[in-house]
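**Q** whatever this is, show me its structure:
(one chain, ligands or ions: 1)
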Amino acid sequence: MRKPELLWLCIFTSALCLAASPVVESDIEATDAARIIQFALQPSSLQTNLRNLTDEIGGRVPGTPAMQRAIDWGVQAFKAAGADSVHTEEFVIPNSWAEGATEMTVSATGTQLPKVEFHVRCVSVAWAPALASVKHVPVIDVGKGSPAEFAKAGDISGKIVLIHSTVLKTWDDLFAEYAIAPPVITAAVHGKAKAVAFIATREHDILYRHTNSAEGEIDRIPQVLVAREDGERIGRLLASGHPVWADLSIPNQIAGPIKTANVIAEIKGSEKPDEFVILGAHLDSWELGTGALDNGCNAALVVDALRTIKASGLRPRRSIRFILFSGEEEGLLGSRAYAVAHRPELDNAGGVIIYDSGIGKTTGFADGGRKDVLETAHRLIAPLHQFGVTELKTDMEWGTDHFDFMLEGVPTFVADQDESNYLENYHAVSDTYDKVDFAQLKKHVAEAAEFSFALANLPEKIGPRFTRAQIENSLHETDSEEMLKASGLWDAWQGGRLGRQK
Ligand SMILES: [Zn+2]
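**A** You can find the predicted model right below:
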């Protein structure tokens, strides 16, 4: 239902409305936006919801009881927020994975060196295979793991390869961290290494969880992430000519396929209920911390955006689906399952908005390589200039839940956010509720609610679904083929297993 006073005005001035519809439409957009922002900034259960999700449920890995409790949390929170309907959709992840009591101790000897022995703070890399306890295994330093450094290292068979890193400071550093791992793993497997020891990119003994497997499959070689201070100490011992040996045990618990689920709530559209816009964020997280910045705060944001739109009394022309995805951390598996299951109706999708970068200030959105939607999108985000949201980039990105929709040709908008405190706490023990700036998060609720409502309320969809040829063209124009190759999904795209078929 649109605002009554605007309807009233239109009834009495219908001829004028038709004659000058662009002007009136943008006036309505501005009025609606102001109302939605006003309701977004009002007190709500945002903080309580996030505290329940993080402190009381905790880290949320698919297949664990905590993830199931989080799914129940999502259903209840959406109902309490006033959703027209809420349901879950199950999908399967190829393997379950849980870390056991990973243990690593190293010793070094040498002439003029008393025996050095110390415990190494480390965790297993996620979805990496287990390693039964091994003793006195040589550690070999392979620098940053480039092909030249592997060649220089020589025989690595049966050894633990130590891989150095730089301290994580920027988004580019993070993408580089992900891109470095797959070729290192390939080289380690090729050279028959026993395991890979990645030195953490965070200082102060911060440990965090990464996965280097692309689609929830168990990786090819055991891997540990070692605390930066311990890893560098091992590197210095080796550099000073002292052989280093490790005792290592990685008793990961691995089993067969597991079921998990996405949570979907809906506000039904008033004129075109079969057409829809998606506002989404992933609900799952790693479990060393409690997944507050990544991505509990944005799951709570999606719930509060629904609450905002319902409370405003406005009803969009198209439906809005508010989705909490599972399996994101294992390779965007929940959003992929949703995009594949809903492929027959994706021609009706009017846009997908995703938040997945903690509470850093939003500067704009990356639009998945769509020049055709820029002009309208700029108009729709104009009311968000007050929050600093001004930029639209035609970037195609990997790394969050818009990805499969983008490759299906649907217009996507990923919030571009400042780094803030995201990177230092990324996937780490320190990603907890206390890191969340709620004043900032409230602004993001306003942005997400305004933009998703505006997209859903356009007279016509912001843009058509791109054909495969158009998507290929966007990939080429934005130099994104390399991004697909680095994310390990190029073959799947090329072979038609991923994205729009034609
Ligand atoms: Zn995330």
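
**Q** where does the prediction get shaky in the chain?
**A** 1-23 (pLDDT under 70).

**Q** so which residue is dead centre in it?
**A** residue 400 (3.8 Å; C-alpha atoms, centre = their mean).

**Q** dump the residue contacts of residue 378.
**A** residue 392 (C-beta atoms under 8 Å, 6 or more residues apart in numbering). Heads up, the C-betas are built off the backbone N, CA and C, glycines and all.

**Q** got the residues of the stretch 301-450 of the chain near the ion?
**A** Proximity of the stretch 301-450 of the chain to the ion, by C-beta under 5 Å from the ion, involves residues residue 356.

**Q** show me where the stretch 301-450 of the chain has strands.
**A** Along the stretch 301-450 of the chain, counting by DSSP state E, counting those that start in this stretch, strands occupy 318-325, 349-354, 362-366, 391-393, 412-417.

**Q** take the ones you listed and write them to JSON lines, including mean neighbour count.
**A** Shown next, in JSON lines, are those (neighbours: other C-beta atoms under 10 Å):
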{"stretch": "strand 318-325", "mean neighbour count": "27"}
{"stretch": "strand 349-354", "mean neighbour count": "28"}
{"stretch": "strand 362-366", "mean neighbour count": "21"}
{"stretch": "strand 391-393", "mean neighbour count": "17"}
{"stretch": "strand 412-417", "mean neighbour count": "25"}
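
**Q** how about these in JSON lines, adding distance to residue 97?
**A** Putting the strands of the stretch 301-450 of the chain into JSON lines (distance: least, C-beta to C-beta, whole Å) gives the following:
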{"stretch": "strand 318-325", "distance to residue 97": "18"}
{"stretch": "strand 349-354", "distance to residue 97": "25"}
{"stretch": "strand 362-366", "distance to residue 97": "30"}
{"stretch": "strand 391-393", "distance to residue 97": "34"}
{"stretch": "strand 412-417", "distance to residue 97": "27"}
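
**Q** one step back: which one is the residue nearest to the centre of the chain nearest to, not counting chain neighbours?
**A** Excluding its sequence neighbours, the residue lying closest to residue 400 (C-beta to C-beta, 6 or more residues apart in numbering) is residue 356, at 4.1 Å.

**Q** the one you found contacts residue 284, correct?
**A** No. In this structure, residue 356 is not within contact of residue 284 by C-beta atoms under 8 Å, at 11.5 Å.

**Q** give me the more crowded residue out of the two.
**A** More crowded of residue 356 and residue 284, by other C-beta atoms under 10 Å: residue 284, with 31 against 22.

**Q** and the more buried one, which of the three is it?
**A** Of the three states, residue 284 takes coil according to DSSP: H, G, I helix; E, B strand; the rest coil.

**Q** residue contacts, it?
**A** Counting by C-beta under 8 Å, 6+ apart, residue 284 touches 60-62, 67, 70, 260, 291, 325-330, 334.

**Q** rerun that using 10 Å as the cut-off
**A** Contacts for residue 284 (C-beta atoms under 10 Å, 6 or more residues apart in numbering) come out as 59-64, 66-67, 70-71, 260, 262, 291, 294-296, 299, 324-330, 333-334.

**Q** go on, residue 267?
**A** With contact taken as C-beta under 10 Å, 6+ apart, residue 267 is in contact with 81-85, 273, 276-277, 279, 305-306, 309-310, 314-316, 318-322, 452-453, 456.

**Q** if we use 7 Å, what do you get?
**A** 83-84, 306, 309-310, 316, 319-320 (C-beta atoms under 7 Å, 6 or more residues apart in numbering).

**Q** ok, what's across the strand from it?
**A** residue 320 (DSSP bridges).

**Q** could you report the distance from it to residue 453?
**A** Going from residue 267 to residue 453 by C-beta to C-beta, to the nearest Å gives 9 Å.

**Q** overlap in contacts of those two?
**A** What both residue 267 and residue 453 touch, as defined by C-beta under 7 Å, 6+ apart, is the set 309, 316.

**Q** and of the contacts of residue 267, the nearest to residue 431?
**A** Looking at the contacts of residue 267 and their distance to residue 431, the nearest is residue 306, at 24.4 Å (C-beta to C-beta).

**Q** that closest one touches residue 77, doesn't it?
**A** No. Residue 306 is not in contact with residue 77 according to C-beta atoms under 7 Å; the separation is 8.9 Å.

**Q** quick one: contacts for the residue of the stretch 101-250 of the chain found nearest the ion?
**A** Here the residue of the stretch 101-250 of the chain nearest the ion is residue 174; by C-beta to the ion that distance is 11.2 Å. By C-beta under 7 Å, 6+ apart, residue 174 lies in contact with 168, 423.

**Q** just checking the distance from the helix or strand harbouring it to the centre of its chain.
**A** Using DSSP states H and E, residue 174 sits in helix 171-190. Centre-to-centre, helix 171-190 and its host chain are 18 Å apart (C-alpha atoms, centre = their mean, to the nearest Å).

**Q** got it, and stretch 368-376?
**A** Using C-alpha atoms, centre = their mean, the offset of stretch 368-376 from its chain centre is 22 Å.

**Q** are we agreed that residue 203 is in a strand?
**A** No. Assessed with three-state DSSP, residue 203 is coil; it does not lie in a strand.

**Q** so it touches residue 228, yeah?
**A** Yes. Here residue 203 reaches residue 228: they are 5.4 Å apart, a contact under C-beta under 7 Å.

**Q** who has more neighbours out of those two?
**A** The neighbour count for residue 203 versus residue 228, taken as other C-beta under 10 Å, is higher for residue 228 (21 against 13).

**Q** how does this protein divide into domains?
**A** Listed domain ranges for the chain are 4-14+27-94+257-494, 98-254 (source: automatic domain parsing).

**Q** highest average neighbour count across these?
**A** domain 4-14+27-94+257-494 (a mean of 21; mean count of other C-beta atoms under 10 Å).

**Q** got the contact list for the residue nearest to the centre of the chain?
**A** 328, 354, 356, 414.

**Q** try it again with 10 Å
**A** 280-282, 295, 298, 325, 328, 332, 335, 354-357, 412, 414-415 are the contacts of residue 400 under C-beta under 10 Å, 6+ apart.

**Q** residue 267 versus residue 364, what's the distance?
**A** Here residue 364 is placed at a distance of 25 Å from residue 267 (C-beta to C-beta).

**Q** please name the residues that touch the closest residue to residue 117 other than its chain neighbours.
**A** Closest residue in space to residue 117, ignoring its immediate chain neighbours: residue 107 at 4.3 Å, by C-beta to C-beta, 6+ apart. Residue 107 is in contact with 115-118, 136, 139, 237, 242-247, counting by C-beta under 10 Å, 6+ apart.

**Q** tell me which element residue 107 is part of?
**A** Using DSSP H and E, residue 107 sits in strand 103-110.
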